[in-house]
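**Q** I'll drop the sequence and a predicted model, then ask my questions.
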Amino acid sequence: MSAAPLALSTCWHAERMTDGSALLQEAVRMGFDRVELSHNTRFTLWPGILVARESAQAPKIEVLHNFCPVPVEVLRPHPNAYEFSDPRPTARRLAERHTLETLECAASVGARFVVLHIGSAGPRRRIDSLETLTLSGQIGSRLFVRQKLEAIRQHEKAFHEAWPRVEEILLRVGEKAATLGIRLGLECREDPREIPPDDFWDMILTRLPAPTFGYWHDFGHGAAKHWLGYIDHAQHLRRLASRIIGAHLHDYHPEKGDHLPLGQGLIPFGQLLPLIPEGTHFSLELSPDVSADDVRASLSWWKKNQAPAPARS
C-alpha cells in the first residue's frame, strides 16, 4: 500500500518568506505537492498565494490553520490571539469574525479543512512544575500526583464554565463552514488549560455535528500529554477514531520538545499510525529551526514507514 499524501505546513518557512508565490514554491522544492497554510501566514503573503495557486506546478492548498492569514492588527502571529472562550465579549467577537474570514479564505483557495484551537480556561502554567518533576524522575511521586490532580480539578471546573460560550460560537461558525463545504478540525493541545480536557472530547464531539466538525490529532501534543500521564496515546486514538479527520505529524522528545523531524523523537509511530482511519489528512508540522535536509528526510521517512490504516467502517 502506498503512503497517504503528506502536506507540508508552512509553519516551517512562512516567517522567513516575503512573497506568497515563493512560499508555495519552497514546498514544491522540498518534494511536497500539497500544503497547509499555517497560522503564521502573514496577510502580505496572501496576494502571491492567490496568484501562484493558479499555476499547474503549485501545490494543492488542503488546509488553513486559524487564523489565516494573520489578522492585520495582530503584531505577532499566534493561533490564540483571540479565543472563543474569552470572558470578554469583544474578544470573542474578534475570534469569531477572524475565524469566519479564515473560512472565506479557505474557500477561495479550494481548501478542504480549517484547523481550530477551541480556547483555554483555568490557571496558567500549571504544567511547568509537572514537567520539571517528571524530568527529575519524580513522576508518580506524591508531590507530582497532588499537583496534577489539583490542576485537573481546576481546569475541568473552568472548562465547564467556559464551554457554553465556546459552543455558541462554534455552532455559528459550523453553519458557515457547512455552506462552504469546509470541515473544521478541532485540534488537541499540549497545555492542559487549553480546552477541552481530554476526558471531554467525546462530550463535545457529540454536541458538534459531523461531518462539519471532526477531531484533529496532533501527535506531538498527544505524546507530551502521554509522557505526563494525562492520556494513554493509543487508547486516546482508539476512542476518537470515528471522528478523526486530520493530523499534525511531528516527533517529540521530553528534553527537546515537539515539532521535531520524524524519527528524531520518541513517538512510537509504528504502534500509533495504524490506529488512524484511512482517508485522514496528514500535515507535516515542523519547527522553523528544522533544516531543509531534515524536512526532506521526514518526507522520506513517511513514505517508508507509514503503516497501512484500517478502512473506516
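**A** Looks like it arrived, so ask away. Numbers count the residues shown, from 1 in each chain.

**Q** any idea how far residue 62 is from residue 33?
**A** 10 Å (Cβ to Cβ, to the nearest Å). Backbone N, C-alpha and C define where each C-beta goes, glycine included.

**Q** more neighbours, the two?
**A** residue 62 (21 against 14; other Cβ atoms under 10 Å).

**Q** What are the contacting residues of the helix or strand where residue 132 lies?
**A** Take DSSP states H and E as the rule and residue 132 turns out to sit in helix 126-135. With contact meaning Cβ atoms under 8 Å, 6 or more residues apart in numbering, helix 126-135 is reached by 139, 141, 143-144, 147-148, 151, 154-155, 191-193, 227-228, 254-255.

**Q** Out of these, which is nearest to residue 282?
**A** Ranked by distance to residue 282 (Cβ to Cβ), the contacts of helix 126-135 are led by residue 227 at 22.1 Å.

**Q** ok, for that closest one, nearest residue in space, not its chain neighbours?
**A** Once flanking residues are discounted, residue 227 sits nearest to residue 254: 5.6 Å by Cβ to Cβ, 6 or more residues apart in numbering.

**Q** isn't that neighbour right next to residue 228, touching?
**A** No - using Cβ atoms under 8 Å, residue 254 makes no contact with residue 228, being 9.2 Å away.

**Q** follow-up on the earlier one: now intersect the contacts of helix 126-135 with the strands, please.
**A** Among those, DSSP state E puts none in strands.

**Q** Counting neighbours, what do you get for the residue nearest to residue 227?
**A** 15.

**Q** In contact with it: list those residues for me.
**A** 131, 134, 135, 227, 266.

**Q** What ranges does the stretch 51-200 of the chain have for its strands?
**A** If DSSP state E, counting those that start in this stretch is used as the criterion, the strands of the stretch 51-200 of the chain fall at 60-65, 113-116, 183-187.

**Q** Quick one: list the elements packing against whatever helix or strand comes next after the last one.
**A** Meaning strand 183-187. Where DSSP H and E defines the elements, the next helix or strand beyond strand 183-187 is helix 201-207. Applying 3 or more Cβ pairs under 8 Å, 6 or more residues apart in numbering; DSSP states H and E, we find helix 201-207 packed against helix 142-180, strand 213-218, helix 233-240.

**Q** JSON lines for the ones you listed, including distance to residue 200, mean neighbour count and mean pLDDT?
**A** Putting these into JSON lines (distance: least, Cβ to Cβ, whole Å; neighbours: other Cβ atoms under 10 Å; pLDDT from 0 to 100) gives the following:
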{"stretch": "helix 142-180", "distance to residue 200": "7", "mean neighbour count": "16", "mean pLDDT": "92"}
{"stretch": "strand 213-218", "distance to residue 200": "12", "mean neighbour count": "25", "mean pLDDT": "98"}
{"stretch": "helix 233-240", "distance to residue 200": "12", "mean neighbour count": "17", "mean pLDDT": "97"}
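
**Q** Need those in TSV (columns: distance to residue 207).
**A** Shown next, in TSV, are these (distance: least, Cβ to Cβ, whole Å):
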stretch	distance to residue 207
helix 142-180	6
strand 213-218	9
helix 233-240	14
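
**Q** nearest to residue 43, of the ones you listed?
**A** Of all the helices and strands packed on helix 201-207, helix 142-180 comes closest under Cβ to Cβ, at 20.2 Å.

**Q** ok so, going back, so what sits against both of residue 33 and residue 62?
**A** Joint contacts of residue 33 and residue 62 (Cβ under 8 Å, 6+ apart) do not exist.

**Q** Which of the helices and strands packed on helix 201-207 sits closest to residue 26?
**A** strand 213-218 (22.9 Å).

**Q** possible to save the strands of the stretch 51-200 of the chain as CSV with distance to residue 285 and mean pLDDT?
**A** Formatted as CSV, the strands of the stretch 51-200 of the chain follow (distance: least, Cβ to Cβ, whole Å; pLDDT from 0 to 100):
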stretch, distance to residue 285, mean pLDDT
strand 60-65, 9, 98
strand 113-116, 10, 98
strand 183-187, 10, 98
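
**Q** can you tell which of those strands is closest to residue 291?
**A** strand 60-65 (22.5 Å).

**Q** before we move on, the earlier item: now, which of the contacts of residue 254 sits nearest residue 212?
**A** residue 227 (32.4 Å).

**Q** What distance do you get for that closest one to residue 172?
**A** 36 Å.

**Q** ditto for residue 100
**A** In terms of Cβ to Cβ, residue 100 sits 9 Å off from residue 172.

**Q** One more: residue 71?
**A** Residue 71 is 19 Å from residue 172, by Cβ to Cβ.

**Q** what's near enough to touch the spatially most central residue of the chain?
**A** The centroid of the chain falls nearest to residue 187 when counting by Cα atoms, centre = their mean (4.6 Å). Neighbour list for residue 187: 115, 116, 117, 118, 216, 217, 218, 221, 248 [criterion: Cβ under 8 Å, 6+ apart].

**Q** I'm done for today, thanks for sticking with me.
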